[in-house]
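In: model this:
(chains A and B)
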Protein chains: 2
Amino acid sequence: MVVTGSELVRGERTDLNGPFLARSLLALGLEPARIEIVGDDPNELEAAVRVAVADAELVAISGGLGPTHDDRTVEVVARVAGLELVVRPELEQEIEAVSREVAERMKRDYPDFAGGVRKQATVPDGAIALGLAGTAPGLVVEIGRTPVVVLPGPPPELQRLWPNALTTPPIRRVLDGGVPPLRRTLRLFGAGESMVAQAFAEAGGDGDGVETTICARDFEVVVEILAEPAAEKRAEELTSALGASLERFLYSDDGRTVEQVVLNLCHERGLTLGTAESCTGGLIVARLTAVPGFSATTLGGIVAYSNELKERELGVSAELLAEQGAVSAEVAEAMANGARGQLGVDVAVAVTGVAGPGGGTDEKPVGLVYLHAVTPWGGKGSSFSFPGDRDSIRRRSVVAALHLVRRLLTEKRDEGGTDP
Amino acid sequence: MVVTGSELVRGERTDLNGPFLARSLLALGLEPARIEIVGDDPNELEAAVRVAVADAELVAISGGLGPTHDDRTVEVVARVAGLELVVRPELEQEIEAVSREVAERMKRDYPDFAGGVRKQATVPDGAIALGLAGTAPGLVVEIGRTPVVVLPGPPPELQRLWPNALTTPPIRRVLDGGVPPLRRTLRLFGAGESMVAQAFAEAGGDGDGVETTICARDFEVVVEILAEPAAEKRAEELTSALGASLERFLYSDDGRTVEQVVLNLCHERGLTLGTAESCTGGLIVARLTAVPGFSATTLGGIVAYSNELKERELGVSAELLAEQGAVSAEVAEAMANGARGQLGVDVAVAVTGVAGPGGGTDEKPVGLVYLHAVTPWGGKGSSFSFPGDRDSIRRRSVVAALHLVRRLLTEKRDEGGTDP
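Out: Modelled structure (predicted):
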């Protein structure tokens, strides 16, 4: 995958296209080798495309198809392929039609757009057009035996044109060679990476055709076991050996994330779920509602950023806030109970903490976070001191809160729950 | 920047380290040329490191420092540098101390960790150690004249060790050559990319030493003007020319995002802010609360995912929900007014829509979203039909909602507000 955009290589924006294309190709049986992000400089882009075409069986390029002067991908691909650039009349008509609509909607004169239209209708001779997304045409160009897919940068547009690319003969030819790998994913909570490495070694490590990656993030360790079909038996052995030795930390062996596990647990038990958030400011409920199909489970949430709202919306008493402070185990518990009553849900989880950068004190420093979850049969609290910046403190608080609910619903004992 | 991790190259996780390092280096006056993401395969990593060392003045590598078998960055860097791997006793003691704490906290035997400790204390001969993050030591190794910074993969750990790298002599030597570029950022809402390209051309385009990128995302177009100090005058001319011709779309010329602009507008006017969210599920309030220092402005929000909560928490009448349906302009308005009353805020914004993938009908298809914002002096609604998947519909709804509030607070006329 070659991704172009100065805003991406400068880190002003995070690339979503490389990961999307990688996931899609992996599922189709190709092993993603490299995601390379370069700026708008055509020389950097040309160098990246030349290397990619030389090394890979399939190259996907995203970005640089816009109407503006700094969008040079088509020109670069034509140069690498040694192909002429030609204006495609039928493409020009399509793009013009779209642009006239846009011009009308924006109450602008079409001539403002004409230059961009001609530019976007200019493609390498012989390129396969994949249709338009916005005004940008996706393309497939063969360079030697290597098909190169050229896609627009905006993720929704790229994702809409990508399936068209997969149906073109050059891409089909490559994909027919690929066999989707067998995949097992173990998600662990509260286990250290070293401990998992130890268990992996004791289980005999990879075998021929098996590739295991062990990756820690926030509190979680994710073990990915990928195997060629021939190595299926070894992969299953390894999976069950790891599952057995790490059983007390294992919370998902089917790739489901913690929010999916929590939502399924609630759904199976016919329980509804709600949130009361202070420092996480809505991230927990946003993550729960990102999973489709659970609108009957997640009823909603209250973000009570101010003490006033903690009182009014969640029924936390002014006395408690004054005595214990908003960042305290007692207030977290009161918020959770308040959310349960106020939202009329069975299960509620609450978070209050100091996300920083300001607001820390000696006794309540930045990173101190209190969580509490309640169910019809009882509650459970925990507290953490998270390292890192505001964003990572908020993110870790979300993960910790979701696992607190999960543990409460599965009534597993709290293990490693104080391990950041 | 070379980033290693199979979970990253397979798109199972999005890299944050490349963008972080790029932003930091750009601010220090270096131009980020390339972010390359490779898997755990040591040959892929070695190839990437060799190319990077050959091309760049400075190379930063993230990931592959863990205790596990698939963490091979140190070994690869030593090979590329032609250096021996040696165990550093003082490093081993430090890492052992940390690991013993972890072992204790996890109620595990230390011997489980010993192997990982020795691995993580093994570094290329002559490497500069940057201290520990977790149990992973950051390193600086010189390969020829090119300093190579080796940092752990977890973003909080990388971000904690990075400042230490910047103080080492090899990095200082490179940075002393760099002069931070002059930067101007124009953020536009409702303007098409072609229109901006046109204005850019009319303004005379880049001049010597000026590099402008024009980038559209969601509804916004971001114009980044970077200039060498010598080209400052040209950059200022271009900035004001663009600002003038695109004035009606320009909402930020100082790099502030729309949420920062909205928060500042409220803060300056002494207004408090709240949200009522259905399909966006808390993303709006999460984005507002991600900006530090506005806890007196953003009081909170209500996520009313179910109709029941729209009635109970936001006072939307059952009749209205029955007559118009939850996804309607009328319900969006009632939600906004309800949030204003319930949260006791001056300004409230509400969103209700069909984020999909399910739940769409012929008359209310997936992507249909209604927004409404209210202030003490009046309200404003708008509706959209967004393309794309659940995630992008939710994301675009957030951007649209923030701009609706901004426009209401600045009383600009609604321009291009119906342009997805």
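In: the residue nearest to A:Glu193 when sequence neighbours are not counted sits in which helix or strand?
Out: Of all residues beyond its chain neighbours, the one nearest A:Glu193 is A:Ala216 (4.3 Å), with distances taken as C-beta to C-beta, 6 or more residues apart in numbering or on different chains. Placement of C-beta: from N, CA and C, glycine included. Taking DSSP states H and E as the definition, one finds A:Ala216 inside strand A:210-217.
In: what is the subsequent helix or strand relative to that strand?
Out: strand A:220-227.
In: now the terminal residues of stretch A:219-237, how far apart.
Out: 26 Å (C-alpha to C-alpha, to the nearest Å).
In: stretch A:277-295 now?
Out: 19 Å.
In: swap in stretch A:224-240?
Out: End-to-end for stretch A:224-240, by C-alpha to C-alpha: 13 Å.
In: which residues does A:Tyr110 contact?
Out: Residues near A:Tyr110 by C-beta atoms under 8 Å, 6 or more residues apart in numbering or on different chains: A:99-100, A:103.
In: do the same with A:Glu220
Out: Listed by C-beta under 8 Å, 6+ apart, the contact set of A:Glu220 reads A:187-189, A:258, A:399.
In: hmm, back to that, and the strand holding A:Ala216, what other elements does it pack with?
Out: Using 3 or more C-beta pairs under 8 Å, 6 or more residues apart in numbering or on different chains; DSSP states H and E, the elements in contact with strand A:210-217 are helix A:193-202, strand A:220-227, helix A:232-245, helix B:6-9.
In: hey, C-alpha coordinates of stretch A:227-235 in CSV?
Out: Extracted C-alpha coordinates of stretch A:227-235, given in CSV (Å, rounded to 0.1, in the frame of the first residue of the first chain):
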residue,chain,number,x,y,z
ALA,A,227,-1.7,-20.2,9.7
GLU,A,228,-1.5,-21.6,6.2
PRO,A,229,-4.3,-24.1,5.6
ALA,A,230,-1.7,-26.9,5.8
ALA,A,231,-0.7,-25.8,9.3
GLU,A,232,-4.3,-25.7,10.7
LYS,A,233,-3.7,-28.5,13.2
ARG,A,234,-0.6,-26.8,14.7
ALA,A,235,-2.5,-23.5,14.9
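In: that one: which residues count as buried?
Out: Buried residues in stretch A:227-235, counted by 16 or more other C-beta atoms under 10 Å in any protein chain shown: A:227-228, A:231, A:234-235.
In: try stretch A:279-289
Out: A:279-289.
In: is chain B within reach of that stretch?
Out: Yes - using C-beta under 8 Å from any C-beta of the partner chain, stretch A:279-289 comes into contact with chain B via A:279-286, A:288-289.
In: off-centre distance for that stretch?
Out: Its chain's average C-alpha position is 15 Å from that of stretch A:279-289, according to C-alpha atoms, centre = their mean, to the nearest Å.
In: cool, and stretch A:350-369?
Out: Distance, centroid of stretch A:350-369 to centroid of chain: 27 Å (C-alpha atoms, centre = their mean).
In: got the end-to-end distance for that stretch?
Out: 10 Å.
In: spell out which parts of the stretch 51-200 of chain A neighbour chain B.
Out: Near chain B, when you scan the stretch 51-200 of chain A using C-beta under 8 Å from any C-beta, you find A:51, A:66-70, A:99, A:102, A:105-106, A:108, A:112-113, A:115-117, A:135, A:153-156, A:159-160, A:190-198, A:200.
In: buried subset of these, written for PyMOL?
Out: The PyMOL command for the buried members of those (criterion: 16+ other C-beta under 10 Å) is given here:
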select buried, chain A and resi 51+66+67+68+69+70+99+102+106+108+112+113+115+116+117+135+153+154+155+156+159+160+190+191+192+193+194+195+196+197+198+200
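In: confirm A:Leu132 sits in a strand?
Out: Yes - secondary structure of A:Leu132 (DSSP: H, G, I helix; E, B strand; the rest coil): part of a strand.
In: tell me how many other residues surround the closest residue to it other than its chain neighbours.
Out: In this structure, A:Leu132 finds its nearest non-sequential neighbour in A:Glu94, 5.8 Å apart by C-beta to C-beta, 6+ apart. Neighbour count of A:Glu94, defined by other C-beta atoms under 10 Å in any protein chain shown: 19.
In: same question, A:Ser295
Out: The burial count for A:Ser295: 17, using other C-beta under 10 Å.
In: what sits against it?
Out: Here A:Ser295 is in contact with B:305-306, B:359 (C-beta under 8 Å, 6+ apart).
In: and if we set it to 6 Å?
Out: Contacts for A:Ser295 (C-beta atoms under 6 Å, 6 or more residues apart in numbering or on different chains) come out as B:Tyr305.
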